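Asks: from the sequence below, what's the structure:
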Amino acid sequence: MTGAQAIIRALEQLGVDTVFGLPGGTILPTYDPLLDSEQINHVLVRHEQGAGHAATGYAAATGRVGVCMATSGPGATNLVTPIADAHMDSVPLLAITGQQSSKLLGTDAFQEADIVGMTMPVTKHSFLVTNAQDIPQVIRSAHHIASTGRPGPVLVDVTKDAQQAELEFRWDDELDLPGYRPVNRPHAKQIREAAVLMAEAERPVFYVGGGVIRSGAHKELLALAEATNIPVTTTLMARGAFPDSHPQHLGMPGMHGTVPAVAAIQKSDLLIAIGSRFDDRVTGELESFAPGARVIHADIDPAEIGKNRIADVPIVGDAAEVLDALLTELRTNHSAALAAERPSWWGLVNGWKQSFPLGFEKNDDGLCDPQYVIQRISALTGPEGVYAAGVGQHQMWAAQFVEYERPKAWLNSGGLGTMGYSVPAAMGAKVGEPDRQVWAIDGDGCFQMTNQELATCVINKIPIKVAIINNSSLGMVRQWQTLFYDGRYSHSDLNTGHESVRVPDFVKLAEAYGCEGIRVTRNEEVDEAVQRALDINDRPVVIDFVVPADAMVWPMVAAGVSNDHIQYARDIRPDFSGESEEGEEA
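Replies: Reported below is the predicted structural model:
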């Protein structure tokens, strides 16, 4: 068979059922046999960035490897952003690109670009294939690397002549990947040391990151948390790893986290960090982050441990294995610690929960409140839905006001912060989880970056729901301009919403694409519109929720300052100075 046929055969052997892509000259040899595949559904996107984000949305919602395909040159470079996005958020992604023939490499041939060189910093590995005989092994290796250890993106760039050449297809039982040996099982000594710290701690907190989602370790987390009666915080990437409704859940830590989550971490004497990376949006000013806490840091990627915060007990291993091993060790050798109720600590934590709940003030403009809109979407859709967000204020509100009860229900661009992520990611999630209701909760700025994928959704009968939180501006930029730039709104007004020229008119745009278009301007109209969207399943629905430009995300920790300076609302800052380290009011 040809190298092109071998690519398709290898994907079929790996169980791939969906490829998102856009054909072009150097990948055309592979698109020809793709037409004959009875197993692989190809989704023709309108922009290669859409293909990449759709593949990551598919992967994040299903746990399987997402696959995207593009041609060389600009087709490949349009994949760089979603590849970087998948790298930052540890999403298993296989990107296959065509490349100019090997004899033309380095000659600046038409649509030649060194995509392997460009993506090396943002992939787990990148392959350049110039020999057709290597294709089966390379595709299989790339898929394995993407989905094992710390998941991430892998690029396979295949020259056109390798696609056209003939080979004898061989599928070896064993993979030969020297040097690639992810450690899944934690070291017993480190588990013992961690269990001792957990048994001794008076103010422990679980700091749970996205690694728990990627590992599928939510059941093990629930079991350990309930057995130890330790409070749990879940980062932006870990929303749904622990049920929001659980009494031990304190919410999300970080820049726009809840006061109880941020305060508990700051006042803790032990941080149990599982699959998290101590990024700046959680830690704030690193030197003042959880100053009195010892740290247990478990991660499958040893490069993350000690990178930003030195760990007292470093544990390399898969999150599920680590959590299970910790519970076994505690039950075996520290059973008394499992009975510890920690009344002083829980009294303090529950006091924060009661005094500083998530909430919002209704606006005076008679428009929709964005927080209310998202609350109602969550309530009417339920925990079995999937919610993909773009980046900005609407992303934070979606993280705060959707009730997450299960993993893989929340998709967002956490590390890279990619505007335009939401619509194609929701599209990919709906392809992977066709029986779930899938919402793209987007901003009017983000939506305009990738809304052309609505055409893909209509043509391919992918009935996602899009909720545009339309404040007629780049909302988070405007919030920062209000707070830190004296209200000088330099180039952040988009003219899409209330009392503007409405360019574009999102309802008309939706209808032009063949979607159902709805506009909602008041809270009283929200439920009817959301229910109408949920009842329509033969085409996408776009709802333009008109909200005030001055709505802000609270709580907030300003960039680069200590988490001790969290603001509950504008000019309202909790005072923790009167609380002793023993968890009692001084």
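Asks: tell me the contacts of the closest residue to Thr450 other than its chain neighbours?
Replies: Of all residues beyond its chain neighbours, the one nearest Thr450 is Gly420 (4.0 Å), with distances taken as Cβ to Cβ, 6 or more residues apart in numbering. Quick note: C-beta positions are derived from backbone N, CA and C, even for glycine. Going by Cβ atoms under 8 Å, 6 or more residues apart in numbering, Gly420 touches Gln49, His53, Gly390, Cys446, Met449, Thr450.
Asks: and the helix or strand hosting the first one, how far from the chain's centre?
Replies: Taking DSSP states H and E as the criterion, the element that holds Gln49 is helix 48-62. On the basis of Cα atoms, centre = their mean, to the nearest Å, the separation between the geometric centre of helix 48-62 and that of its chain is 11 Å.
Asks: the residue lying closest to Val503 once chain neighbours are set aside in helix, strand or coil?
Replies: On the basis of Cβ to Cβ, 6+ apart, the spatially nearest residue to Val503 that is not a chain neighbour turns out to be Asn495, at 5.6 Å. At Asn495, secondary structure determined by DSSP: H, G, I helix; E, B strand; the rest coil is coil.
Asks: Ile462: neighbour count?
Replies: Applying the criterion other Cβ atoms under 10 Å, we find 22 residues in the vicinity of Ile462.
Asks: picking up where we left off before, please state the backbone phi and psi of the residue nearest to Thr450?
Replies: When read as degrees, to the nearest 10, the backbone of Gly420 gives phi 90, psi 0.
Asks: count of neighbours near Glu220?
Replies: Residues contacting Glu220 under the criterion other Cβ under 10 Å number 22.
Asks: what's the answer for Ala336, then?
Replies: Here the count is done by other Cβ under 10 Å, and Ala336 has 9 residues near it.
Asks: what's the nearest residue to it if we skip its chain neighbours?
Replies: Closest residue to Ala336 apart from its sequence neighbours, by Cβ to Cβ, 6+ apart: Ala199 at 7.7 Å.
Asks: can you dump the C-alpha coordinates of the host helix or strand of the one you found into CSV?
Replies: When elements are defined using DSSP H and E, Ala199 is found to belong to helix 188-200. Only the C-alpha atoms of helix 188-200 are listed here, as CSV (Å, rounded to 0.1, in the frame of the first residue of the first chain):
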residue,chain,number,x,y,z
ALA,A,188,6.5,3.4,48.5
LYS,A,189,8.9,5.5,50.7
GLN,A,190,7.5,8.8,49.4
ILE,A,191,4.0,7.5,50.1
ARG,A,192,4.9,6.6,53.7
GLU,A,193,6.4,10.1,54.2
ALA,A,194,3.4,11.8,52.8
ALA,A,195,1.1,9.7,55.0
VAL,A,196,3.0,10.8,58.1
LEU,A,197,2.6,14.5,57.2
MET,A,198,-1.1,14.0,56.5
ALA,A,199,-1.5,12.3,59.9
GLU,A,200,0.3,15.1,61.7
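Asks: pull out the buried residues from that helix.
Replies: Of the residues in helix 188-200, those scored as buried under the neighbour-count criterion (16 or more other Cβ atoms under 10 Å) are Gln190, Ile191, Arg192, Glu193, Ala194, Ala195, Val196, Leu197, Met198, Ala199.
Asks: tell me the angle of the helix or strand following that helix relative to helix 188-200?
Replies: Secondary structure here is assigned by DSSP H and E; on that basis, the next helix or strand after helix 188-200 toward the C-terminus is strand 204-208. Strand 204-208 and helix 188-200 are oriented at 130 degrees to each other (axes from the mean of the first three to the mean of the last three Cα atoms, to 10 degrees).
Asks: and the helices in the stretch 51-200 of the chain, which stretches?
Replies: Shown for the stretch 51-200 of the chain, the helices assigned by DSSP state H, counting those that start in this stretch span residues 74-77, 80-89, 115-119, 135-147, 160-164, 188-200.
Asks: for those helices, which one ends up most surrounded?
Replies: Counting by mean count of other Cβ atoms under 10 Å, helix 80-89 has the highest mean neighbour count of the helices of the stretch 51-200 of the chain, with a mean of 25.
Asks: roughly how far does the residue nearest to Ala336 sit from Ala337?
Replies: For Ala199, the distance to Ala337 under the criterion Cβ to Cβ, to the nearest Å works out to 4 Å.
Asks: now for these two: what residues contact both?
Replies: Overlap between the neighbourhoods of Ala199 and Ala337 consists of Leu330, taking contacts as Cβ under 8 Å, 6+ apart.
Asks: on that earlier part again, pull the residues that contact the helix holding Ala199.
Replies: Applying Cβ under 8 Å, 6+ apart, the external contacts of helix 188-200 come out as 204, 228, 230, 270, 272, 294, 296, 298, 312-316, 322, 325-326, 329-330, 333-334, 336-337.
Asks: hang on, the earlier thing: would you mind measuring from the residue nearest to Ala336 to Val232?
Replies: From Ala199 to Val232 the distance is 18 Å (Cβ to Cβ).
Asks: one more: Thr81?
Replies: 33 Å.
Asks: same deal with Ala510?
Replies: With distances taken as Cβ to Cβ, Ala510 is found 39 Å from Val232.
Asks: residue nearest the centroid of this protein?
Replies: Against the mean C-alpha coordinate of the chain, by Cα atoms, centre = their mean, the closest residue is Asn412 at 3.8 Å.
Asks: list the contacts of Ala113.
Replies: With contacts defined as Cβ under 8 Å, 6+ apart, Ala113 is in contact with Ser72, Gly73, Pro74, Ala76, Thr77.
Asks: give me the number of residues near the residue nearest to Gly284 when sequence neighbours are not counted?
Replies: Sequence neighbours aside, Asn563 is the residue nearest to Gly284 in space, at 4.3 Å (criterion: Cβ to Cβ, 6+ apart). Around Asn563 sit 23 other residues, with neighbours defined as other Cβ under 10 Å.
Asks: with the one 10 residues further on instead?
Replies: Counted with other Cβ under 10 Å, the burial measure for Arg573 works out to 14 neighbours.
Asks: wait, it touches Ser562, no?
Replies: No - using Cβ atoms under 8 Å, Arg573 makes no contact with Ser562, being 11.5 Å away.
Asks: kindly state the beta-bridge partners for the nearest residue to Val183 once chain neighbours are set aside.
Replies: Ranked by Cβ to Cβ, 6+ apart and with sequence neighbours excluded, the top spatial neighbour of Val183 is Val316, at 5.0 Å. Using DSSP bridges, the beta-bridge partners of Val316 come out as Asp299.
Asks: which ones are touching Val316?
Replies: When contacts are counted by Cβ under 8 Å, 6+ apart, Val316 touches Val183, Pro186, His187, Gln190, Ala298, Asp299, Ile300, Pro302, Ile305.
Asks: ok, now how distant is it from Arg277?
Replies: For Val316, the distance to Arg277 - Cβ to Cβ - is 14 Å.
Asks: now do the shared contacts for those two.
Replies: Both Val316 and Arg277 are contacted by Asp299, under the criterion Cβ under 8 Å, 6+ apart.
Asks: hang on, the earlier thing: out of the helices of the stretch 51-200 of the chain, which is closest to Pro370?
Replies: Counting by Cβ to Cβ, Pro370 lies closest to helix 80-89 out of the helices of the stretch 51-200 of the chain; the figure is 23.9 Å.
Asks: that closest one to helix 135-147, inter-axis angle?
Replies: 50 degrees.
Asks: run through who's touching helix 80-89.
Replies: Under the criterion Cβ under 8 Å, 6+ apart, residues 49, 51-53, 55-56, 59-60, 66, 68, 91-93, 95, 115, 118-119, 122-124, 152-153, 155, 210, 237, 413-416, 418, 421 lie in contact with helix 80-89.
Asks: about what we covered before: the inter-axis angle of the helix holding Gln49 versus helix 135-147?
Replies: Using the same axes, to 10 degrees, the interaxial angle of helix 48-62 with respect to helix 135-147 works out to 60 degrees.
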